[in-house]
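K.L.:
no sequence for this one, just the structure:
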């Protein structure tokens, strides 16, 4: 998938929602535990309920790995299910180069700390993306990402944005920019006007979708807003899929208005 | 395993060698492909051949993940084999918190970019270590790790060393310091005199064991020198295990002399 196809899906659905499949077997409705593969059953139901409001899914590997082999199998089934039933949905994950090749993800998220030659191996795949951590939504972001360089007077995340642009362009690189740092978005858009941003931290962590859209939207939308808990754990009962659907629809409705206001749909 | 136990093993074996099990099915001797699980067979033979010269093994997850489920199984068998047959050997890996819990590794390597709260979840396990990327041995290290902070005048890797010391002590944290940056080791030892360092880049990447030892040894040795290709791919023929053993022994002999010179054994 490339930027243009992603943008067309955003336009079609009026949504730039990415649902984080942070599926924790201890958190899913207990009645699902009767199934042979409760994690896959949960994901399948969540996907069916939310796919029409969603342009991307992002399974968080840590949750699957913590179940060992079983988790790996659940993930593989989830990916295959998505590819078979929703081939136009953008699928992203973290850390595992292998998944690019074996499991047909569209993107992986990687840390920039080790520099160009640690990221380049991920950049050789056509129509796939590296999503580089730039400005994250957690508290720890303040430990290093805001450090100012004494030669260029850039903050570290700005330096990451600038330097990494020589590694690939907006057709191969995206960036993680936390919604909790929306005040930085205007400046960030000056450095990378055309790239897509994957934005965690809306909702649960206090980030505002309005603010993110105000400073982050570009002419191809350029935003994927990740939401996990607020959608997948909207209910812990038998109605979990229905509640997930409602929560996704609500977010889509808000995004649709924002896209209309910006003249993008 | 804790620092003291690790040091005792180093003293006993006269070696601070960590063998990187970067096992690539395309690189192992072809006659092994007849086995049902060639990767495990290879690892088992390498471990049997090198264990007496080695205090640590570090399977690189990327290589196992690239084989999908089969790779995962090979890794699980390798870990179990090591735990059953060499219970005093330090076992480390990358990225996967799950492995701490499920697969009984002693350490995981993580990037510091996202700061304290991204690392802390790994620090709650007693007698296990987080190995934080600080100064890596690759070319990309120069992209960000040497950036000087305009307030503290520290290089980024020095800031990582200093700040991360508030996250845990030398019983829970180690650092990756590339052998190719040995000239920085004296300064690094001023910041973290007591921590163990995991040192890649000796040999193939041009780092010198002598230099690393000269500036890096502390009163508990404080060094794990990682070697992968030079040992596990010492030969591509039927004698691969024998050649791996010879290469490990050679490294051990050199380390033994260095430990003696330093009065540590």
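P.N.:
Nice, I can see it. In this text the structure is predicted, and so the values were computed from the model without any measurement.
K.L.:
For chain B, what is the nearest residue in the stretch 151-265 of chain A?
P.N.:
Here the stretch 151-265 of chain A gets closest to chain B at one residue, residue A:163, 5.8 Å apart by Cβ to the nearest Cβ. Placement of C-beta: from N, CA and C, glycine included.
K.L.:
residues near that residue, how many?
P.N.:
Per other Cβ atoms under 10 Å in any protein chain shown, the neighbour tally for residue A:163 reads 17.
K.L.:
Spell out which parts of the stretch 101-250 of chain A neighbour chain B.
P.N.:
A:101-103, A:111-119, A:133, A:136, A:138-145, A:147-151, A:153, A:156, A:159-160, A:163 (Cβ under 8 Å from any Cβ of the partner chain).
K.L.:
In strands only, show me those residues.
P.N.:
Residues of these located in strands (DSSP state E): residue A:133.
K.L.:
Just the buried residues of the residues of the stretch 101-250 of chain A next to chain B.
P.N.:
Taking 16 or more other Cβ atoms under 10 Å in any protein chain shown as the criterion, what is buried in those is A:102-103, A:111-116, A:118-119, A:133, A:136, A:138, A:140-141, A:143-145, A:147-149, A:156, A:159-160, A:163.
K.L.:
count of residues packed around residue A:13?
P.N.:
Neighbours of residue A:13 (other Cβ under 10 Å): 21.
K.L.:
and it, what are its phi and psi?
P.N.:
Here is the backbone geometry of residue A:13 (degrees, to the nearest 10): phi -90, psi -10.
K.L.:
how close does it sit to chain B?
P.N.:
30 Å (Cβ to the nearest Cβ, to the nearest Å).
K.L.:
Would you agree that residue is in contact with residue A:253?
P.N.:
No. With contact defined as Cβ atoms under 8 Å, residue A:13 does not reach residue A:253; the gap is 11.4 Å.
K.L.:
how close does residue A:225 sit to residue A:251?
P.N.:
Per Cβ to Cβ, to the nearest Å, residue A:225 is found 8 Å from residue A:251.
K.L.:
Now for those two: what residues contact both?
P.N.:
Applying Cβ atoms under 8 Å, 6 or more residues apart in numbering or on different chains, one finds that residue A:225 and residue A:251 are jointly contacted by A:17, A:209.
K.L.:
re earlier: just the residues of the stretch 101-250 of chain A next to chain B: which are in helices?
P.N.:
Among those, the ones falling in helices (DSSP state H) are A:101-102, A:116-119, A:141-144, A:156, A:159-160, A:163.
K.L.:
Return the member of these nearest to chain B.
P.N.:
Distances from chain B to those, taken by Cβ to the nearest Cβ, are shortest for residue A:143, at 3.3 Å.
K.L.:
Just list the residues touching the closest residue to the closest one other than its chain neighbours, thanks.
P.N.:
Spatial nearest neighbour of residue A:143, excluding adjacent residues (Cβ to Cβ, 6 or more residues apart in numbering or on different chains): residue B:115 at 3.3 Å. Listed by Cβ under 8 Å, 6+ apart, the contact set of residue B:115 reads A:136, A:138-145.
K.L.:
right, and the pair among the ones in helices among the residues of the stretch 101-250 of chain A next to chain B with maximum separation?
P.N.:
Spatially, the most separated pair among these is A:102 and A:142, at 36.5 Å (Cβ to Cβ).
K.L.:
how far away is the residue nearest to residue A:143 from residue B:52?
P.N.:
Per Cβ to Cβ, residue B:115 is found 40 Å from residue B:52.
K.L.:
Residue A:29 too?
P.N.:
From residue A:29 to residue B:52 the distance is 52 Å (Cβ to Cβ).
K.L.:
Tell me where the model's unsure across chain A.
P.N.:
A:3, A:68, A:93-104, A:204 (pLDDT under 70).
K.L.:
All the helices of it, in order from the start?
P.N.:
A:3-13, A:38-50, A:61-65, A:69-85, A:97-102, A:116-119, A:141-144, A:156-164, A:185-191, A:209-216, A:229-232, A:240-261.
K.L.:
Tell me the helices and strands packed up against the first one.
P.N.:
Just to be clear, that refers to helix A:3-13. helix A:240-261 (3 or more Cβ pairs under 8 Å, 6 or more residues apart in numbering or on different chains; DSSP states H and E).
K.L.:
if we go to 10 Å?
P.N.:
strand A:56-59, strand A:90-94, strand A:223-227, helix A:240-261 (3 or more Cβ pairs under 10 Å, 6 or more residues apart in numbering or on different chains; DSSP states H and E).
K.L.:
Please apply the same query to the fourth one.
P.N.:
The elements that helix A:69-85 packs onto, with contact taken as 3+ Cβ pairs under 10 Å, 6+ apart, are strand A:17-21, helix A:38-50, strand A:56-59, helix A:61-65, strand A:90-94, helix A:97-102, helix B:68-85, helix B:97-102.
K.L.:
what's the burial count for the nearest residue to residue A:7 once chain neighbours are set aside?
P.N.:
Distances taken as Cβ to Cβ, 6+ apart put residue A:220 closest to residue A:7, at 4.0 Å, once the chain neighbours are dropped. Residue A:220 has 18 neighbours, counted by other Cβ under 10 Å.
K.L.:
wait, isn't residue A:220 in contact with residue A:10?
P.N.:
Yes. Here residue A:220 lies in contact with residue A:10, judged by Cβ atoms under 10 Å, at a distance of 8.0 Å.
K.L.:
which neighbours do these two share?
P.N.:
A:196, A:264 (Cβ atoms under 10 Å, 6 or more residues apart in numbering or on different chains).
K.L.:
mind listing what residue A:216 touches?
P.N.:
Going by Cβ under 10 Å, 6+ apart, residue A:216 touches A:16, A:177, A:179, A:182, A:185-186, A:188-189, A:196-197, A:199, A:209, A:222-223, A:225.
K.L.:
Would you agree residue A:191 is in contact with residue A:161?
P.N.:
Yes. Counting by Cβ under 10 Å, residue A:161 is a contact partner of residue A:191 at 4.7 Å.
K.L.:
picking that back up, can I get the contacts of residue B:115 in CSV including distance to residue B:1?
P.N.:
CSV is the format used below for the contacts of residue B:115 (distance: Cβ to Cβ, whole Å):
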residue, distance to residue B:1
A:136, 31
A:138, 30
A:139, 31
A:140, 27
A:141, 32
A:142, 33
A:143, 28
A:144, 29
A:145, 33
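K.L.:
which one of these sits closest to residue A:41?
P.N.:
Closest to residue A:41 out of these is residue A:138 (30.4 Å), distances taken as Cβ to Cβ.
K.L.:
how much space between that closest one and residue A:153?
P.N.:
Relative to residue A:153, residue A:138 is positioned 25 Å away (Cβ to Cβ).
K.L.:
again with residue A:1
P.N.:
Distance, residue A:1 to residue A:153, by Cβ to Cβ: 37 Å.
K.L.:
Excluding covalently adjacent residues, which one is nearest to residue A:235?
P.N.:
residue A:243 (3.7 Å).
K.L.:
tally of neighbours for that neighbour?
P.N.:
With other Cβ under 10 Å as criterion, residue A:243 counts 17.
K.L.:
Now that the residue of the stretch 151-265 of chain A closest to chain B has come up, it's in contact with residue A:192, right?
P.N.:
No. The pair residue A:163 and residue A:192 fails to qualify as a contact (Cβ under 10 Å) at a distance of 11.7 Å.
K.L.:
residues shared between the contacts of residue A:13 and residue A:253?
P.N.:
Residues touching both residue A:13 and residue A:253 (Cβ under 10 Å, 6+ apart): residue A:53.
K.L.:
quick one: contacts for the residue nearest to residue A:13 when sequence neighbours are not counted?
P.N.:
Counting by Cβ to Cβ, 6+ apart, residue A:13 lies nearest to residue A:55, which is 5.8 Å off, once chain neighbours are set aside. Taking Cβ under 10 Å, 6+ apart, we find residue A:55 in contact with A:6-19, A:88-90, A:221, A:224-225, A:252, A:255.
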